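Undergrad: Sharing a model prediction with you, sequence too.
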Amino acid sequence: MKFGFSEEQDELRRQIHRFLEEKSPESEVRRLMATDEGFDRSVWSTMAEQLGLQAMTIPERYGGAGFGYVESLIVFEETGAALLCGPYFATVALATNALLSSSDEVARARWLPAIAAGESIATLAISEDSGRWDLSELATVATKSGQDWTITGHKNFVLDGTIADLILVVAVTDDGPGLFAVEGAATGLTRTRLATLDQTRKQARLAFEAVPATLIGAIEETEDVIKRTLQLACVALVAEQVGGAQRVLDASVEYAKNRVQFGRPIGSFQAIKHKCADMLLEVESAKSAAYYAAWTAQEDDAELALIASLAKAYCSDAFSHCASENIQIHGGIGFTWEHPAHLYFKRAKSSELLLGDPFYHREIVATQLGI
Amino acid sequence: MSDLSIEESEAFRVRCQMFLTKNANAGDPANLQDNRAFLAAASRAGLAGIAYPQEFGGAGLSVAHDRIWREEKAAFNYADRLFIISHGMCLPIINEFGTESQKQTYEADMISGRSLWCQMFSEPGAGSDVASLQMTATRDGDEWVLNGQKVWTTYAHLAQYGIVIARTDPSVPKHAGISMFIVDLASPGVEIRPIIQIDQGREFNEVFFNDVRVAAEDIVGSVNEGWRLATNMLMYERVAIGSGQTDQITQPRYEELAAAARNRGVIADPVFRDRIADMYILETCKALVALRTRDEVKAGKTPGPGGSLGKLLGSVVEWKFRAIAYEVIGVSATAWDELDEARRDVAMNIVTTFRVGIAGGTDEIQRNIIGERVLGLPREPATDRDTPYRDLLVGTLR
């Protein structure tokens, strides 16, 4: 296990950082989060054409860049720090990982090239009203008629559900859950935008009325495909969380150095100083866990199930706690819409629950440890 | 930093492993004779005082060798545990700042283990604020006369010598009037009393100095240079502890809790499972922070803040363990058969968890250090930094 980043990886980070500073400053985050679609199409295109971000982990034979999960972590760490508005997580962390985890070569060749080129926005629809990300209680069904499938039911909390060109849906068949591809503009599909706590990440409720769908892979491999997809999605999400946590730590420290009360900077008081020290502990621990998870994914290590959940549980708690303390350290101004602290807090809390909450993941850790 | 080739490193590592496998678990790490036997065997094998001069019985090897030796030793039962301060703090200060005469007199015996040393900094009125110490050293002819009391002196009851810091000039600010001395603990006027810990251990002591005479040549460094030397000594300790870590990612507190929960049949309880998994996660993160720092150093990069976090992370682990240990382990950790030493050890093991957050720099001091030196937050205004010592309200004065 090696923790250092290479020169090329450091350069990638600098590139992404500069790009996001320019294209996703706070003013853009606020502008886009107030729109229905929640992203800027020209920025999305630039991300694909100039930086190949959508193509990062897609193999070259599908038009991708063929990078690994460590490079992907670097990108997500930066997008998380910048609160990038747009379907990047849904397309890359969810849909792309699902296609790559499946054994269906035809599906990959059919859909990955457009994703890599930034021409297709994609997402994954699993949870229904319970918000759970496992496959145990699904009610949405897929029915076969001849060679064709149709899906009936509904999905909830679907990231970027209203703008996706490609929606990967898990629906129940007579032989168990299967993974299906549905087109965003398909007949019978009703897409309803939800109001979200974290306005930087759009969610939708999808209603399916005999919507035409294409089966991806064999039905019996679906559970394993989804398990692996969610593990890889966790690796991306913890990277975002680490990026966000570092940002709020920086903001807290900056404020503590500059805000003067009682004749001195508030950071000179131990209560504030110690909060910051504790936040640093959490950020460094979260970073270490996230990087470890990315290396584990990169090495395709059998430990990924354990490490992905370990990192998800820890990084979720760390980001949420740091984002909360950031508001507290800012005092009254942290309670205003105008200050960015709440944007990070809301991203932290939503991310905490996305892909399963810390309790859910600690139970996975316990099970993986065999206790 | 390594001036060793991969082959040389591996060869030395194997040499250490072979020696340790044969000798490290041979005795009781709490027994001084056994500690000395281990050190004597190390001397014979050319593995005593790895980076110290051969002139004094050291191996005359490099810092890189020393790091390998410490890494390998960490996996064993730590057979020379009683010399942790002697070798980790006192030996380096003598080696680096001692006069030729002092090195000739003391260094060989320090390395071989013939003499065991202790460190005497803290006082009842000077713990976190060691610089406010009240012990005096007054010049009398060609001797210094020391009066006062030291506390928390680890292994003083076993030691032959100690490094002590005392006040030589009360007319200047506290940091500026301290000197460092070598003290022969058999000197008249030295009285050592054990302190009993809450886990019933007796590793440290109070040491009373009643007109104890120290020869002028037993001052370390110059008069009033003691604080700078003391700071160096504390850094040696940190380096020693920091470098003695293995490549392993281990979760010992988690193992204890999981085993206890299994034994009691509560391992299926969802609340316990959540807490026990949380323990595993925290210990894993602590180990990963250390590994990440090591990799950064090895790659020649400026290490991130991870190196300053180890002690506090260790304490955070103990706090979390203590929060749940009694509930998981159960009532047998609160009352047990008098003769059941294993049960007693379990109970005391939990009580011991307070140590890491208090000794060697409290959690609060660690957070101050992290906030100030790592994050750059401003220090609190100090009322005593520039005031002559004799004008301060310190320690046990009222």
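TA: Perfect, I can see it now.
Undergrad: what sits up against stretch A:345-362?
TA: A:80, A:83, A:131-134, A:196-201, A:230, A:233-234, A:237, A:240-241, A:244-245, A:309-310, A:312-314, A:316-317, A:319-320, A:322-324, A:326-327, A:364, B:273-274, B:277-278, B:281 (CB atoms under 8 Å, 6 or more residues apart in numbering or on different chains). C-betas here are computed from N, CA, C, even on glycine.
Undergrad: Any of the residues you listed buried? List them.
TA: Neighbour counting with 16 or more other CB atoms under 10 Å in any protein chain shown marks A:80, A:83, A:132-134, A:196, A:198-201, A:230, A:233-234, A:237, A:240-241, A:244-245, A:309-310, A:312-314, A:316-317, A:319-320, A:322-324, A:326-327, A:364, B:273-274, B:277-278, B:281 as buried within the contacts of stretch A:345-362.
Undergrad: For the stretch 201-350 of chain B, just list every one of the strands.
TA: Counting by DSSP state E, counting those that start in this stretch, the stretch 201-350 of chain B has strands at residues B:204-215, B:219-220.
Undergrad: Report the closest residue of the stretch 1-150 of chain B relative to chain A.
TA: Nearest residue of the stretch 1-150 of chain B to chain A: B:Ser128, at 12.3 Å (CB to the nearest CB).
Undergrad: For the chain, give the helix that spans the most residues.
TA: Since you didn't name a chain, this refers to chain A. helix A:222-258 (DSSP state H).
Undergrad: should've been chain B
TA: Max-length helix for chain B by DSSP H is helix B:270-298.
Undergrad: list the contacts for the residue of the stretch 101-250 of chain B found nearest chain A?
TA: Nearest residue of the stretch 101-250 of chain B to chain A (CB to the nearest CB) works out as B:Ile249 at 8.2 Å. By CB under 8 Å, 6+ apart, the contact list for B:Ile249 reads B:284, B:287-288, B:291.
Undergrad: One more pass at 10 Å, please.
TA: A:1, A:292, B:283-288, B:290-291 (CB atoms under 10 Å, 6 or more residues apart in numbering or on different chains).
Undergrad: Could I get the phi/psi values of it?
TA: Torsion angles at B:Ile249 (phi, psi; degrees, to the nearest 10) stand at phi -110, psi 110.
Undergrad: can you count the residues close to B:Ala268?
TA: Neighbours of B:Ala268 under the rule other CB atoms under 10 Å in any protein chain shown: 11.
Undergrad: hang on, the earlier thing: any of the contacts of B:Ile249 buried? List them.
TA: Looks like those have A:292, B:283-288, B:290-291 buried, using 16+ other CB under 10 Å.
Undergrad: In CSV, list those along with distance to B:Ser112 and pLDDT.
TA: As requested, the buried ones among the contacts of B:Ile249 are exported to CSV (distance: CB to CB, whole Å; pLDDT from 0 to 100):
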residue, distance to B:Ser112, pLDDT
A:Tyr292, 42, 97
B:Glu283, 37, 97
B:Thr284, 40, 97
B:Cys285, 41, 97
B:Lys286, 36, 95
B:Ala287, 34, 94
B:Leu288, 38, 95
B:Ala290, 32, 90
B:Leu291, 34, 91
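Undergrad: Reformat those as TSV; add distance to A:Glu71.
TA: TSV is the format used below for the buried ones among the contacts of B:Ile249 (distance: CB to CB, whole Å):
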residue	distance to A:Glu71
A:Tyr292	16
B:Glu283	29
B:Thr284	24
B:Cys285	23
B:Lys286	27
B:Ala287	25
B:Leu288	20
B:Ala290	25
B:Leu291	21
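Undergrad: quick one: which of the residues you listed is nearest B:Leu312?
TA: B:Lys286 (9.9 Å; CB to CB).
Undergrad: picking up where we left off before, residue contacts, the closest residue to the residue of the stretch 1-150 of chain B closest to chain A other than its chain neighbours?
TA: Distances taken as CB to CB, 6 or more residues apart in numbering or on different chains place B:Ile365 nearest to B:Ser128, at 5.3 Å, with adjacent residues excluded. Taking CB under 10 Å, 6+ apart as the criterion, B:Ile365 is in contact with B:127-129, B:311-312, B:358.
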